[in-house]
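Enquirer: Return a 3D structure for these sequence lines:
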Amino acid sequence: MSVDLCHYMLLGLEDLAEIMAIERGASSHPWSASMMRDCLQSANTQVWGLVELSSSQLIGFGVLSIVCDEAELLLMAVKPTMQGHGYGSMLLTFLMEKARESQVANLFLEVAENNQGAQALYQKKGFQHAGERKDYFDNYDSEQKEDAYIYRAKLLVPY
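Expert: Here you go, the predicted model:
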């Protein structure tokens, strides 16, 4: 599907069920509905959706928290049946542009150490490894926790 067949929109509480269906299907560490509800209601957080024009179905979403000149990509997910077609890349590019429009100098994110696909996408988009968080993610398949890698993209070049 081409970018011409999709559009981006700010999501709201009315989209919570569709967001959570994607989140539960796409993530091994899904957020709770209450966490997502908090983001949808927060003044510093934007929840953007990538929507298919013909069906008005939500393909994916991203949660961007902006404070002053820094932002964190808190969460990004694409519907499992739509993965592998470039939608994650399109969505990430859009979210990075939204952060730039808000004069964000640095965009941060955390990714599970075993999520090689996401790490490759972030690196392709200019993110660089900036650190680690030990035992950051709960692993629901075992009692062990997973480490997270911190990535940073410099969006604005200082004068």
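
Enquirer: Pairing partners for the helix or strand harbouring residue 109, with directions?
Expert: Here residue 109, judged by DSSP states H and E, is contained in strand 106-112. According to DSSP bridges, strand 106-112 forms sheet pairs with strand 70-78 (parallel), strand 145-154 (antiparallel).

Enquirer: any idea which of those is most buried?
Expert: strand 70-78 (a mean of 22; mean count of other C-beta atoms under 10 Å). Where C-beta positions appear, they are placed from N, C-alpha and C, glycine not excepted.

Enquirer: before we move on, the earlier item: just the CA coordinates for the strand holding residue 109, please, in PDB.
Expert: C-alpha atoms of strand 106-112 as PDB (Å, rounded to 0.1, in the frame of the first residue of the first chain):
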ATOM      1  CA  ASN A 106      16.600  15.000  20.700                       C
ATOM      2  CA  LEU A 107      14.100  12.100  20.300                       C
ATOM      3  CA  PHE A 108      14.600   9.100  22.700                       C
ATOM      4  CA  LEU A 109      13.100   5.700  22.800                       C
ATOM      5  CA  GLU A 110      13.600   2.300  24.500                       C
ATOM      6  CA  VAL A 111      13.500  -1.000  22.700                       C
ATOM      7  CA  ALA A 112      13.800  -4.600  24.000                       C
END
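
Enquirer: Return the set of buried residues in it.
Expert: 107-112 (16 or more other C-beta atoms under 10 Å).

Enquirer: Likewise for stretch 47-61?
Expert: Residues of stretch 47-61 classed as buried: 47-52, 58-61 (neighbour count, 16+ other C-beta under 10 Å).

Enquirer: Take the residues you listed and lay them out in JSON lines including secondary structure and pLDDT.
Expert: Compiled in JSON lines, those are given as follows (DSSP: H, G, I helix; E, B strand; the rest coil; pLDDT from 0 to 100):
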{"residue": "47", "secondary structure": "strand", "pLDDT": "98"}
{"residue": "48", "secondary structure": "strand", "pLDDT": "98"}
{"residue": "49", "secondary structure": "strand", "pLDDT": "98"}
{"residue": "50", "secondary structure": "strand", "pLDDT": "97"}
{"residue": "51", "secondary structure": "strand", "pLDDT": "96"}
{"residue": "52", "secondary structure": "strand", "pLDDT": "93"}
{"residue": "58", "secondary structure": "strand", "pLDDT": "97"}
{"residue": "59", "secondary structure": "strand", "pLDDT": "97"}
{"residue": "60", "secondary structure": "strand", "pLDDT": "97"}
{"residue": "61", "secondary structure": "strand", "pLDDT": "98"}
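
Enquirer: Nothing else from me, thank you.
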